[in-house]
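Asker: Kindly return the folded structure for what I paste below:
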Amino acid sequence: MPSTLTLSLGTADLSQLRWAVSPVWELLASIRTLTRPASHAIHMPWLSEHRHDPLLTGPGASAARDLTAGPPGHLPGFLAPTPLSPLTALDDELDEVRRTPSDVVRRDLAAAFGDELPAGLAPMLQAPRREMETVVADLRGYWQRTLAPAWPKIRALLESDIHYRARSLTERGPAAMFADIHPGLTFDQDTGTLRIASRRAGLPDPHRSLEGRGLVLVPSAFAWPRLYFKTSAPWVPVIRYPVRGIGTLWESPADARAAAADLAPVLGATRALLLQLLETPAGTLELADRTGLAPGGVSAHLHKLARAGLIAPHRTGRVVLYARTARGEALYR
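Answerer: Numbers count the residues shown, from 1 in each chain. This next block holds a predicted model:
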């Protein structure tokens, strides 16, 4: 039966609440998506293109395949370290995986697989450091074939989500922010208790305190529609959740134009299209890439939408993202 995990978040934990992007998590979650395509129809355009990737269909034993494509819950912790930067790079994360100490590799394999360790992983118990070199090389090759071409678009969606959630936390507080992330998250601000609805039956320790270690929230394209969490030491606690606007990820320009057709007579076809695409916050260059329009033209239309009060700019570091205002959202109700 499903169970509930409760996390006690103190003032120190809430003050250290932050978001991050994790390319290596997207890599791992995408492999799970390929192995269970029936549960992830939202990714069908991508699935159809990569379902026969050699990592999953190649002949012979593959430690990378055995590590990543097993049943839910059989993912060794060292494969997905908690990202500590909003802009973590794939190579940095894979290097961290490759440098995992041998005793941690053995411990996590035992925790994930118990007595059911796949035969292809037996050499990893004997020579973890040597085998990890091969695993990381195989995962990097998979990334280049399947995710690298789409990563700019995926990353833009993830960064837009982070912008939206951080603004939600500031404007509405943690309880509303967590509730908006996923129906399986409930935060009681009076007690500092975060409840996570889990599909895992019989959690060994369903009540945990973060003890000032903080919490990292990681939006994910390939986590959809589930929540994933890790709270055990030595990692910083992390919750991975479905990114907002996932339905737009594989949307073609033609699909977006069709969705914007009703507003086109009022706003004009181009401005209606841009407003439709701003279901999730985006920058000028991303919108130009998605529409095929010149950046200067996109900027001019965004300025007019902003003057009409339908969108508003928000600076995130060096990037300006545009998002629908309440007035803009009202046009879609």
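Asker: residues contacting the closest residue in space to Gly184 that isn't next to it in sequence?
Answerer: Spatial nearest neighbour of Gly184, chain neighbours left out: Ala197 (3.7 Å); criterion: Cβ to Cβ, 6 or more residues apart in numbering. Heads up, the C-betas are built off the backbone N, CA and C, glycines and all. Residues near Ala197 by Cβ atoms under 8 Å, 6 or more residues apart in numbering: Pro2, Thr4, Pro183, Gly184, Leu185, Leu227.
Asker: Next up, phi/psi of the fifth one, please.
Answerer: Right, the one you point to is Leu185. Dihedral angles of Leu185 (phi, psi; degrees, to the nearest 10) stand at phi -110, psi 130.
Asker: ok, now how distant is it from Ala197?
Answerer: 8 Å (Cβ to Cβ, to the nearest Å).
Asker: what touches both of those two?
Answerer: Taking Cβ under 8 Å, 6+ apart as the contact rule, Leu185 and Ala197 both touch Leu227.
Asker: So, low pLDDT: which residues of the stretch 51-200 of the chain?
Answerer: Low-confidence segments of the stretch 51-200 of the chain, defined by pLDDT under 70, are located at 61, 71-73, 199-200.
Asker: which stretches of it form helices?
Answerer: 54-57, 63-68, 90-98, 102-113, 122-126, 128-146, 151-172, 174-181 (DSSP state H, counting those that start in this stretch).
Asker: Where does pLDDT dip in the stretch 201-333 of the chain?
Answerer: Scanning the stretch 201-333 of the chain for pLDDT under 70 picks out the ranges 201-205, 251-264, 316-319, 332-333.
Asker: If we use 80, what do you get?
Answerer: The model of the stretch 201-333 of the chain has pLDDT under 80 over residues 201-206, 208-209, 211, 232-235, 245, 247-266, 279-281, 314-319, 326, 329-333.
Asker: where do the strands sit along it?
Answerer: Along the stretch 201-333 of the chain, counting by DSSP state E, counting those that start in this stretch, strands occupy 207-209, 216-220, 228-230, 238-242, 311-316, 319-324.
Asker: report the angle between the axes of the fifth one and strand 319-324?
Answerer: Strand 311-316 runs at 150 degrees relative to strand 319-324, counting by axes from the mean of the first three to the mean of the last three Cα atoms, to 10 degrees.
Asker: All further residue positions should be reported with the first residue as 54.
Answerer: In the new numbering, first residue 54, that becomes strand 364-369.
Asker: wait, what's in contact with Ser262?
Answerer: Here Ser262 is in contact with Leu60, Ser61, Gly63 (Cβ under 8 Å, 6+ apart).
Asker: and the second one, what pLDDT?
Answerer: The predicted structure scores Ser61 at 88 on the pLDDT scale.
Asker: That one touches Asp241, doesn't it?
Answerer: No - the pair Ser61 / Asp241 is not scored as a contact, 10.3 Å apart, by Cβ atoms under 8 Å.
Asker: ok, back up a step: from the contacts of Ser262, pick the one nearest Tyr375.
Answerer: Nearest to Tyr375 among these, counting by Cβ to Cβ, is Leu60 at 34.3 Å.
Asker: Show me the beta-bridge partners of the closest residue to Ser273 other than its chain neighbours.
Answerer: What sits nearest to Ser273 in space, not counting adjacent residues and going by Cβ to Cβ, 6+ apart, is Arg293, at 4.9 Å. Taking DSSP bridges as the rule, Arg293 bridges to Val271, Tyr281.
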